[in-house]
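J.: model the following, please.
(3 chains)
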Amino acid sequence: MFYREAGDFKTSYQSDQATFTLRLDKILFWGLMAIATFIVPFFVTEYWEKSVFLPFFIYSIAALGLNILTGYCGQVSLGTGGFMAVGAYASFKLMTGIPNLDMFLVIMIAGLVTALVGVLFGLPSLRIKGFYLAVATLASQFFLVWLFNKWEWSYNYSPTGQINAPTRDFLGIDVTGPSTAPWATYLFCLGLLFIFAWITRNLVRGHIGRSWMAIRDMDIAAEIIGVNPLIAKLSAFAVSSFFIGVAGALYFSVWLGAAEPTEAFAIDKSFDVLFMIIIGGLGSILGSMIGAAFIILLPIFFKNVLVGYCGIPTDIAEFTQIIFIGALIIFFLIKEPHGIVAYWRTLKEKLRLWPFPY
Amino acid sequence: MEEKKQNNRIMEVKDITLRFGGVTAIEGVSFDILEGEVRAIIGPNGAGKSSMLNVINGFYHPQQGEVWFNGQKRGAMKPYQIAYQGIARTFQNIALFKGMSTLDNIMTGRFTHMKSGMISQVFWKGKAEKEEYENREAVEKVIDFLEIQTIRKTEVGKLPYGLQKRVELGRALAAEPKLLLLDEPMAGMNVEEKEDMSRFILDVNEEFGTTVALIEHDMGVVMDIADRVVVMDYGKNIGDGTPKEIVSNQKVVDAYLGVSHD
Amino acid sequence: MFFLDPFFYEILISGLLAGVMYALVALGFVLIFKASGIFNFAQGVLALFAALTLVGFQTGQIPFAHLLSLFGLHATHWGAGFPTIVALLFSLGVMVLLAWLIVQIVLKPLVNQEGIILFMATIGLAYVLEGVGDLMWGANVKELNIGLPEGPSEIILDATDMFIDKLEISAAIVAIVLVVSLTLFSQYTKMGRALRAVADDHQAALSVGISLETIWWIVWSVSGLVALVAGVMWGAKSGVQFSLSLIALKALPVLMLGGFTSIPGAIVGGLIIGVGEKLFEFYIGPLIGGATENWFAYMLALLFLLFRPQGLFGEKIIERV
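T.: The predicted structure follows:
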């Protein structure tokens, strides 16, 4: 009755191509953002910060990155963990090498470094496709993790091989190190997620985004309308790796504070992020975030409900969770290849027509 | 008809030979396309017609022969470079971007006209935004022209076959090509759809002055819309002329009626 | 000169033997890929699952004992277990049953989907199987012994002064026997021809009365058998534990090198990678910090693919427009 476009006429192409075409969507979104920015920070505790919000924001950025490559450009990558490691180690070297550098710049430069590495490992995509490429990206995963294990310069010759984030600030407010306030890291990561979601939106609504989707849907036809596959694929690799590098840098410096490559950037990180975009929705910005929220919250849910409430041993809960995630992947690939976000769209469509069935 | 004959050659293929391993798909074929005409390429299945289009837009590189475009000999070029020269095409089996809407498909056709850089795109300010809306206007013209306003926001994978063919034509038109290649634009259509499509092709040719080269099986359609016809059989050029000349050409009639080659 | 180095030959042979094992795992991939176009990422977990099941039958474990204990059943074993040969047969039966379940639940609904979708589905399958395996038989490291000879081979030691493990030799023999019989099976039996028909064209195969489901079931069962053999060999070498499933990751570069559709490719690719990574680790490894085996195979395959995208023996991909 109230959720529809009636009376909401589009008088320009700008308004027709706006992010939120329905007024109500717009109000809802900005309302939610206002709550997240002005109210939540007053209540956020360290538990919520470290186990819910930071993982959600950071993985959302990584999922957006992978979605650009896989969901929009159609190139499946299993190297996400390795690229996150590049971002993390680049930020570590920057933080320790240039102590006065603002954390925002650290994160951005770490992203740039990862983008370069991403382009390098994206080169095979010009010759090979599909799962050949997916397997080839595993090379980056294994090689990069090995590199950060063996290359002593990368971890400043620390005897344990671990990297630790020193205290650094963003515009004078500490966002890394042991003494940060939960609200500060919360807002820092929320802000970055907002920026990167906005950038994704801008990229996918313009001609660069369309060239990615064209390559994904039919690369031969893309070529005849002028898309250079080399530039389209490598730019997708670059942008995607930039995002993932930023996520890796935040993951290490802001969230964990310390990392060691074999554990923190193992191949299951690559799978986690891939699962986020499959479950959330391939080729969807909202889907990336829904997927991230889902994969982040699921273990917490299993831990609290199965272990805490039902009293099931931790290992059984863990196995159940693995089975559940795997089954869910299969379920979504079979039933709804567009992920949870497709259900959301259907719901919106129903709501728009309400109270009539169609 | 007479005045068109005066026009320049927009495209000329000279003595093209194309082989795949031991199979010769095209053997010593030459013909030209004049600016502003509708040129048909006909011939039985496997005659090498589609391969010829693929040579023209750069998917296949012939072992022998030359391609001249706009009075210049063309070196080895990639298909996307050829798109920038002003050659657009449609495919025999529809090659639309299935996951994108009609609007986005046709917008993608404008790719060669959009030049804003990554930075401008990222912030969606200045050139990126301005360019998007300017090109949207051009695309809306194509949408109006093809009468597909109602399916503007529909995902093309969900459209019926005839409309998909039309959207694909729209994508090629959006590029504002100098030369439009159509590979069996009417395959699988009923009579009414064929009539619609013929009208669109003629309108494109007359209103925008676009040169059209098309492959078609339906001789009726070819007789109606083509200015000149090339006939191919077994990879060879067996006839070239106006539709009238072609139907009275004995070799062509033999090829179509299936007289044995001995 | 390196070929005068006595270590060179020892490394060469141990590399070849390791390569046979890689080839064995890769073979499971090739079989499924040829018959169904599915790149089965779960092959490694299938091997783990098979090995876990075998150990379970051998030692008389009660399946899901851990889960049952939640309901008050605290027994973990029902007895002393089956003799090896019976346990092997039962495990094979479980793999065949599993193959049927996979075809019915996962593959049937995904017929005619793109390869990459099926690939991602098998990643999901890998997770499910890993969870189920752990839940059924427990996640602890298990010893697997089916009575194969072990320790350095005295004959070779006496004759050439080289340490070659007897287990590796027997594994290689088993692998070779398996490879030869599978090749014969696919070339000379009616079923083998049907398999290849399905691989070439699903629709055409259906139209001449070959049931896709049955074929898939058979293929997945055969690759379950290959997984069982691979699981037994690797399990006997280094125990049955989660890391066993990672052998699949070793087999992937073998496939890229050898081509996804070629049985000889899997074998040659396996040998090249087995030898290559051992030699690289021995001669170059110390210069760059060692432990290069994790990535060497991938890098080799990657470089190779840049020049020959279809692999060593893969069919050349001709793209039609």
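J.: quick check: next helix or strand after the longest helix belonging to chain A?
T.: Ranked by residue count under DSSP state H, the longest helix found in chain A is helix A:182-205. Per DSSP states H and E, the first helix or strand lying C-terminal to helix A:182-205 is helix A:207-217.
J.: output the following helix or strand past that next one as CSV, restricted to C-alpha atoms.
T.: Downstream of helix A:207-217, the next assigned helix or strand under DSSP H and E is helix A:219-224. Output of helix A:219-224 as CSV, limited to C-alpha atoms (Å, rounded to 0.1, in the frame of the first residue of the first chain):
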residue,chain,number,x,y,z
ASP,A,219,33.2,-12.5,-23.6
ILE,A,220,33.1,-12.9,-27.3
ALA,A,221,30.2,-10.4,-27.7
ALA,A,222,32.0,-8.1,-25.3
GLU,A,223,35.0,-8.0,-27.6
ILE,A,224,33.0,-7.0,-30.7
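J.: tell me the angle the helix or strand following helix A:219-224 makes with helix A:207-217.
T.: Once the chain leaves helix A:219-224, the next helix or strand it forms, by DSSP H and E, is helix A:229-250. Relative orientation of helix A:229-250 versus helix A:207-217 (axes from the mean of the first three to the mean of the last three CA atoms, to 10 degrees): 110 degrees.
J.: tell me the buried residues in helix A:229-250?
T.: A:229, A:232-250 (16 or more other CB atoms under 10 Å in any protein chain shown). (Each C-beta comes from the backbone N, C-alpha and C, glycine too.)
J.: what of stretch C:164-181?
T.: For stretch C:164-181, a neighbour-count test (16+ other CB under 10 Å) marks C:164-172, C:174-175, C:178-179 as buried.
J.: helix, strand or coil for the residue nearest the centre of chain B?
T.: Nearest to the mean C-alpha position of chain B, by CA atoms, centre = their mean, lies residue B:181 at 1.2 Å. Under the three-state scheme (DSSP: H, G, I helix; E, B strand; the rest coil), residue B:181 adopts strand.
J.: was I right to think it contacts residue B:91?
T.: No. Between residue B:181 and residue B:91 there is no contact under CB atoms under 8 Å: 9.6 Å.
J.: residues in contact with residue C:207?
T.: Applying CB atoms under 8 Å, 6 or more residues apart in numbering or on different chains to residue C:207 gives no contacts.
J.: walking through the stretch 1-150 of chain B, point out its strands one by one.
T.: B:9-20, B:23-34, B:38-42, B:64-69, B:72-73, B:87-90 (DSSP state E, counting those that start in this stretch).
J.: residue B:203: which of those is closest?
T.: strand B:38-42 (11.4 Å; CB to CB).
J.: does that closest one come close to chain C?
T.: No. Taking CB under 8 Å from any CB of the partner chain as the criterion, strand B:38-42 and chain C are apart, separated by no less than 15.6 Å.
J.: mean confidence score for that strand?
T.: Averaged over strand B:38-42, pLDDT sits at 91.
J.: quick check: residues of the stretch 201-350 of chain A near chain C?
T.: Within reach of chain C by CB under 8 Å from any CB, the stretch 201-350 of chain A has these residues: A:220, A:267, A:271, A:274, A:278, A:312-313, A:315-316, A:319-330, A:333-334, A:337.
J.: buried ones among those?
T.: A:267, A:271, A:274, A:278, A:312, A:316, A:319-323, A:325-330, A:333-334.
J.: from those, which ones fall inside strands?
T.: Assigned to strands by DSSP state E, none of those qualify.
J.: now the element after the lowest-mean-pLDDT helix or strand in chain C, going C-ward?
T.: One helix or strand of chain C scores below all others by mean pLDDT, DSSP states H and E: helix C:154-160, with a mean of 69. Downstream of helix C:154-160, the first helix or strand assigned by DSSP H and E is helix C:166-188.
J.: who touches that following helix?
T.: Residues outside helix C:166-188 that contact it (CB under 8 Å, 6+ apart): C:14, C:16-18, C:20-21, C:23-24, C:27, C:31, C:34, C:148-153, C:191-192, C:195-196, C:222, C:226, C:229, C:233, C:236-237, C:263, C:267.
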